[in-house]
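[1] Sequence and predicted structure, then a few things I'm wondering about:
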Amino acid sequence: MLVLSRKVGERIVLPETGVSISVLAIRGKRVRIGIEAPRTASVHREEVWCRIADAVGRAGSAERVSDDLDEGDPRAHEAWLGGAGVSPLEGI
C-alpha cells in the first residue's frame, strides 16, 4: 500500500486510469475527499461495494454479462450489476 500525505486543496492523480482524488476538507477525524473518474469507472465506499458484491453473488448476475459488450461500454457495468429488473442496491 502506498501511503501519501496531502493538505486541503492538494490532489493525488492516477494518470493511467483518468482518476484524481482531491482533499476537500478536514474536520477532526473526518476527511472529505472528491474523486474525479471516467463515467465508466465505478466508485463506491467499501461498505457499499461489499453489499453490491454480495447481492451480485446471490443473484448470480456475474454470469449474465454478455461477451459482446466491451469493458468500456457503460451497459457492461449495468449488466455486471444485474441488468434490468435486478437491483444490487436493493435493501441498502
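    Ah, there it is. Keep in mind the model is a prediction, meaning the values are calculated, not measured.

[2] And L14, how close does it get to V56?
    According to CB to CB, to the nearest Å, L14 and V56 sit 25 Å apart. For the C-beta atoms, the positions are set from N, CA and C on the backbone; glycine is no exception.

[3] which of these two has more neighbours?
    Neighbour count, other CB atoms under 10 Å: between L14 and V56, V56 has more, with 17 against 10.

[4] Now do the buried residues in stretch 20-39.
    For stretch 20-39, the neighbour count (16 or more other CB atoms under 10 Å) marks 21-23 as buried.

[5] for the record, mean pLDDT for stretch 56-66?
    Model confidence over stretch 56-66 averages 60 on the pLDDT scale.

[6] whoops, I mixed them up, stretch 18-34
    Model confidence over stretch 18-34, given as mean pLDDT, is 95.

[7] Can you list which of the buried residues of stretch 20-39 are found in strands?
    The subset of the buried residues of stretch 20-39 located in strands under the criterion DSSP state E comprises 21-23.

[8] from those, which is closest to A37?
    Within those, distances to A37 taken as CB to CB reach their minimum at I21, with 9.1 Å.
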